[in-house]
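> here are the coordinates; sequence isn't available:
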Ligand code: AMP
């Protein structure tokens with residue numbers, strides 16, 4: 001199977017993290033979670049961590065400049081080229097999506113699919129209050145969800161306009177949701193590539 005370059009989108013608390021691990025296990029892709037990269041930078045008290053800590057605790061977004069640099073650097077590692085990637089938490093803004101497109105273009109690569117894990121607002125709020133991460137105060141949760149609507153929802157249009165967006169119902173058991181995601185990846189990557197190559201052959205006749 002050829003390597004896949006995928007993005008997973010969804011509100012915080014949508015189950016993105018869990019589903020990302022299942023997807024990476026099934027498809028052999030490298031899980032690149034920008035939230036995890038930032039949390040480990042904070043834990044190491046690196047320069048990046050010191051810059052990011054307060055921003056993360058308040059529920060705001062780290063600047064596009066920092067995030068784009070971090071992801072561009074991560075793409076220099078050979079594992080992504082060899083195994084494919086699932087980006088989780090990036091892009092979060094249209095500016096980040098444009099940067100991702102340039103990073104991939106520079107490598108002669110394309111994105112294969114953007115999976116939008118769809119879970120209603122009231123359900124994600126309850127889930128986030130139930131987990132007890134340090135940055136999950138009610139204020140930070142509200143702030144992050146508000147920001148998601150404002151900054152990240154336009155991304156859905158961005159991916160739709162490139163014919164990459166596939167929404168999956170994220171309500172259900174982990175297994176049920178994963179089965180829906182796998183079906184969507186199967187329907188919209190290998191199959192669409194095959195039909196694209198058939199179209200090309202037909203066009204060449
Ligand atoms: P996450 O684990 O994806 O929910 O990310 C945790 C926090 O890290 C977010 O609330 C942001 O403060 C920061 N963060 C993670 N990814 C990004 C990104 N792509 N752009 C800006 N901030 C980010």
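Nice, I can see it. As the structure is a computational prediction, the values presented were derived from the model and not from experiment.

> Show me which residues of this structure are close to the ligand?
By C-beta under 6 Å from any ligand atom, the part of the chain that sits against the ligand consists of 12, 34-35, 38, 55-56, 59-62, 67, 89-90, 92, 96, 144. In short, each C-beta sits where N, CA and C put it, glycine included.

> Tell me the one of those residues nearest the ligand?
Proximity of the residues of the chain next to the ligand to the ligand was ranked by C-beta to the nearest ligand atom; the top entry is residue 35 with 2.0 Å.

> secondary structure element for the closest one?
Residue 35 is part of helix 34-43 when elements are defined by DSSP states H and E.

> What are the buried residues along that helix?
34, 35, 37, 38, 39, 41, 42 (16 or more other C-beta atoms under 10 Å).

> Helices of the protein, start to end?
For the chain, the helices identified by DSSP state H occupy 16-27, 34-43, 47-58, 64-74, 78-83, 94-106, 121-130, 138-147, 153-161, 174-185, 191-204, in order along the chain.

> lowest-confidence stretch among those helices?
Per-stretch averages of pLDDT across the helices of the chain put helix 191-204 at the bottom, with a mean of 53.

> quick one: pLDDT of residue 134?
Per the predicted model, pLDDT is 77 at residue 134.

> residue contacts, the closest residue to it other than its chain neighbours?
With C-beta to C-beta, 6 or more residues apart in numbering as the criterion, residue 134 has its nearest non-adjacent residue at 7.4 Å, and that residue is residue 57. Under the criterion of C-beta atoms under 8 Å, 6 or more residues apart in numbering, the contact partners of residue 57 comprise 134, 135, 140.
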